[in-house]
Structure formats: structure tokens, C-alpha cells
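K.L.:
Starting from these lines, generate the structure:
(chains A and B)
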Amino acid sequence: MCATIRLQREPFDAAREVARLTRGRTDIGAVVTFTGICRGEEAGAPLLAMTLEHYPEMAQAEVARHVQEAEKRWPLRGVCVVHRFGRLCPGDEIVLVVTTAAHRQDAFAAAEFLMDYLKTRAPFWKEVESARGKTWVDAKQTDDALAERWAAEPNGRQAAE
Amino acid sequence: MKLRYFAWVRERIGKPEEEIEPPAGVGTVADLMNWLTGRGEEYAHAFGNPKVIRAAIDQTHVKSDATIVGAREIAFFPPMTGG
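P.N.:
Sure thing, here's the model as predicted:
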């Protein structure tokens, strides 16, 4: 399987990353892309900018571990994860996850799994700037709960569904 | 061993990394946080609520009862907020 993981300061081009995974392939029936974008407000206050700090060596290793875990759980044809760091402004893209598979269910589930884990396990921290100054974003319990459901159900499908 | 700090843990301690040699008896991540807390106000401020601090040994997440024996690099940071 083709797996690309990049941590970078520069913007990314989602269409180019999709093309890289699908060009010349006839075994791929589904591509899911998720792009996370910097919002213009945080906790009700206008946001001027956001700075993403990261632990470079660990972030690369941790994302790679999650990609490997996704490969074990779903029959994927390719994965691309790009996570930016540094100072970003509202409207800027932060993170890209692309998953490809023969069928959509696997591509959707793997993309969601990767995002849930990136939120709670990848060593990145957001600091937001507003008119009131700079503050570190608090981790959300809802994000922890979303990540934990993958531990409870290996393929993420809820028993109630 | 090398210690690395990130986000507000780094800001409170006032440096991104340092080399330390903890005394015998400091065997786990929790022991290490406790020992660091006694090194000064800035450490006490950073580790005041150890329950919210996350740790990694040699770039792998660990719990606070993990042994630090043989660790080359230990990192302390708040819960992650990437993605």
C-alpha cells in the first residue's frame, strides 16, 4: 500500500495528493478526503491566528503507527496524511487525510479513524490568538470519546447501529 | 537523559529541553514529575496538576507508572489538540 505522511509548514494541494494516489489505478473504487480548516472563531471569540506546535520526531512516528493500524483494520489501497505546523490564519488548511479503497465503507471508516486518532494522540498543540491575547486550546472530552470508540469496536461500527 | 517540554509545559518551565540526571529512587514517570516539581517555582507551576500532563518515552506515549530506566528522551506536554 502507498502511504505518504508529511508534516510541513507549507500549504498542501488536496487534489494533487488524490491524483498521486489514484493515477493509473483501476483497483480503487473510492477516495475519501478530509481537510481540516482553521475557523475564524474559538469559544465564541474572533480568532486572529493559530499556531500549531509539534514534537517532530514523535509526530512522524505516531502518525505512521496510526496509518499502519488503519491498514490492518481495512483493506486500503493508499493513504496520505499531511499535517501543517506553524502560524495559520482563519481559512488556512491545517490537516489533510486521504484514504483510498475498493469500496467506500472502508475508505470512509479509515479516514474517520485516522482523524479521531490524530486529534487525540498525535503530538500537536494549538495556541490561538484573539484580541484578548494568546491561549492554548484545551483538549475536548468529546474528541477523547470519539477516539475511544475505535478501541471498543475494532472496525468502529457501533453495536447500536 | 534528555527532557523535552511542549506547549504550556514548555512555556511554564521556560525552556524547550534540558539534560538531567535524576537521583536513584526516581524510577517512574510519576516519580520524575514529583522530583522535577521540587526543582523550582517554574517546575511546580508546570507540574502542579500532574494528572493533566502527558508523557512520552523515546517518542512513544506512556502512562505515569512507566519506568524511566534506560530512557534516552522523556517528553512532557499537555493533552494533544492537533487535527
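K.L.:
so how many other residues sit close to whatever residue of chain A ends up closest to chain B?
P.N.:
Per C-beta to the nearest C-beta, A:Phe124 is where chain A lies closest to chain B, at 2.7 Å. Every residue, glycine included, has its C-beta placed from N, CA and C. By other C-beta atoms under 10 Å in any protein chain shown, the residues close to A:Phe124 number 27.
K.L.:
B:Lys15 now?
P.N.:
By other C-beta under 10 Å, the burial measure for B:Lys15, its neighbour count, is 11.
K.L.:
Quick check, it in contact with B:Arg4.
P.N.:
No: counting by C-beta atoms under 8 Å, B:Arg4 is not a contact partner of B:Lys15; they are 9.7 Å apart.
K.L.:
For the residue of chain A closest to chain B, list each beta-bridge partner.
P.N.:
A:His54 (DSSP bridges).
K.L.:
can you check B:Glu18 too?
P.N.:
B:Leu3.
K.L.:
Convert the C-alpha atoms of the helix or strand harbouring A:Cys80 to PDB, please.
P.N.:
Here A:Cys80 sits within strand A:76-84, counting by DSSP states H and E. What follows is strand A:76-84, C-alpha atoms only, in PDB (Å, rounded to 0.1, in the frame of the first residue of the first chain):
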ATOM      1  CA  LEU A  76      -6.900   0.200   1.900                       C
ATOM      2  CA  ARG A  77      -5.100   0.900  -1.400                       C
ATOM      3  CA  GLY A  78      -3.400   4.100  -0.300                       C
ATOM      4  CA  VAL A  79      -3.300   6.700   2.500                       C
ATOM      5  CA  CYS A  80      -2.000  10.200   2.600                       C
ATOM      6  CA  VAL A  81      -1.700  12.300   5.800                       C
ATOM      7  CA  VAL A  82      -0.400  15.900   5.700                       C
ATOM      8  CA  HIS A  83      -0.400  17.900   8.900                       C
ATOM      9  CA  ARG A  84       0.800  21.500   9.000                       C
END
